[in-house]
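Asker: structure for this input, please:
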Amino acid sequence: MPIKRLLYYSYGKLLEREVRKYRLPVHIGLILDGNRRYAKEMGFEDVTMGHKAGAHKLDDVLKWCVELGIKIITIWVLSTDNTQRDEGEVAALLKVIEEKINDLSKNPIVRKNGIQIKALGNLDILPEELQRAIRKSELSTKDNRNHILNIALGYGGREEIVDAVKKVIREKKTYSPEQLADNISVDDITSHLYTYGIPDPDLIIRTSGEIRLSGFLLWQSAYSEFYFCDALWPVFRKIDFLRAIRSYQQRNRRFGR
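Answerer: Residues are numbered from 1 along each chain as shown. Sure thing, here's the model as predicted:
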């Protein structure tokens, strides 16, 4: 084994032993950023190659989460803003997502480890073929209970909150405007979010060096810890993942208190 690989392997094992000593996050959110930049850095003329590499990386991350016993993973693969990009690029990206979701329904990592797949977002704006793939994956994994993989598609944090408020208003349609204003609570909105019934993320990781959430789980991330990683998503390494968890473990979470 070359020296560099040996050092990397040894450091990774040391880091993993370290993070296993302390409390691990139950729910991790991942903003998968950097596919297009990766494609350009690799000299690919077609940025779809970057998206395909990013789709393949998900298998590695699922394995790392399973190994550490992390129960819930939420990945953001398509924002509402993404759909405004060049039409050809969007169509190619949607096809990559469709192929990956179809793969997940029979993926050995998903099947062996009891991972339940759920889709979050405004799914009605997605192509029918992708909606069918989502339904297939959700149905085929609905009885899995060990882990949850939330896939955010056609997702925007502001849109999610607006949708939740609209649902609350429709639910309380017999109220006057004044009564409605006095009776909408935090719990009302929380109960109508896409993630209802799922604990809020403990840790949110964004790859590619960007230091912002861009609307990811705006409501749910009020008390989350954040970690911003320079690595582009397709080359996100296990040591990057472990460093994020170690950083999370070193913080004093006060939840606003």
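Asker: quick one: residues contacting Glu89.
Answerer: If you count contacts by Cβ atoms under 8 Å, 6 or more residues apart in numbering, Glu89 has them with Val47, Thr48. C-beta here means a position set from N, CA and C on the backbone, and glycine is covered the same way.
Asker: what about the strand or helix carrying it, distance to the chain center?
Answerer: In this assignment (DSSP states H and E), Glu89 forms part of helix 87-104. Remark: helix 87-104 is offset 16 Å from the chain centroid, using Cα atoms, centre = their mean, to the nearest Å.
Asker: one more: stretch 125-132?
Answerer: Distance, centroid of stretch 125-132 to centroid of chain: 19 Å (Cα atoms, centre = their mean).
Asker: before we move on, what about stretch 217-227?
Answerer: That offset, for stretch 217-227, works out to 12 Å (Cα atoms, centre = their mean).
Asker: in it, what's buried?
Answerer: Leu217, Leu218, Trp219, Gln220, Ser221, Ser224, Glu225, Phe226, Tyr227 (16 or more other Cβ atoms under 10 Å).
Asker: just the endpoints, please. Distance across that stretch?
Answerer: 15 Å (Cα to Cα, to the nearest Å).
Asker: returning to what we had before: quick one: the buried residues of stretch 217-227 as TSV, columns for pLDDT too.
Answerer: Shown next, in TSV, are these (pLDDT from 0 to 100):
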residue	pLDDT
Leu217	98
Leu218	97
Trp219	98
Gln220	98
Ser221	97
Ser224	97
Glu225	97
Phe226	97
Tyr227	98
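Asker: now do the strands in the stretch 51-200 of the chain.
Answerer: Under the criterion DSSP state E, counting those that start in this stretch, the stretch 51-200 of the chain contains strands at 72-76, 115-120, 147-152.
Asker: next, the angle from the second one to strand 147-152.
Answerer: Here strand 115-120 points in a direction 20 degrees away from that of strand 147-152 (axes from the mean of the first three to the mean of the last three Cα atoms, to 10 degrees).
Asker: contacts for strand 115-120?
Answerer: By Cβ under 8 Å, 6+ apart, the list of residues contacting strand 115-120 reads 62, 66, 74, 101, 104-105, 109-110, 134, 137-138, 141-153, 155, 194-195.
Asker: give me the distance from that strand to the chain's centre.
Answerer: Remark: strand 115-120 is offset 10 Å from the chain centroid, using Cα atoms, centre = their mean.
Asker: restricting to C-alpha, output the helix holding Glu89 in PDB.
Answerer: Coordinates of each C-alpha in helix 87-104 appear next as PDB, following Å, rounded to 0.1, in the frame of the first residue of the first chain:
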ATOM      1  CA  GLU A  87     -33.500  23.400 -20.100                       C
ATOM      2  CA  GLY A  88     -31.100  20.700 -21.500                       C
ATOM      3  CA  GLU A  89     -29.100  20.500 -18.300                       C
ATOM      4  CA  VAL A  90     -32.200  20.300 -16.100                       C
ATOM      5  CA  ALA A  91     -33.600  17.500 -18.300                       C
ATOM      6  CA  ALA A  92     -30.300  15.600 -18.000                       C
ATOM      7  CA  LEU A  93     -30.100  16.100 -14.300                       C
ATOM      8  CA  LEU A  94     -33.700  14.900 -13.800                       C
ATOM      9  CA  LYS A  95     -32.800  11.700 -15.800                       C
ATOM     10  CA  VAL A  96     -29.800  11.100 -13.500                       C
ATOM     11  CA  ILE A  97     -32.000  11.500 -10.500                       C
ATOM     12  CA  GLU A  98     -34.700   9.200 -11.900                       C
ATOM     13  CA  GLU A  99     -32.000   6.500 -12.600                       C
ATOM     14  CA  LYS A 100     -30.600   6.800  -9.100                       C
ATOM     15  CA  ILE A 101     -34.000   6.600  -7.400                       C
ATOM     16  CA  ASN A 102     -34.900   3.500  -9.500                       C
ATOM     17  CA  ASP A 103     -31.500   2.000  -8.400                       C
ATOM     18  CA  LEU A 104     -32.300   2.800  -4.800                       C
END
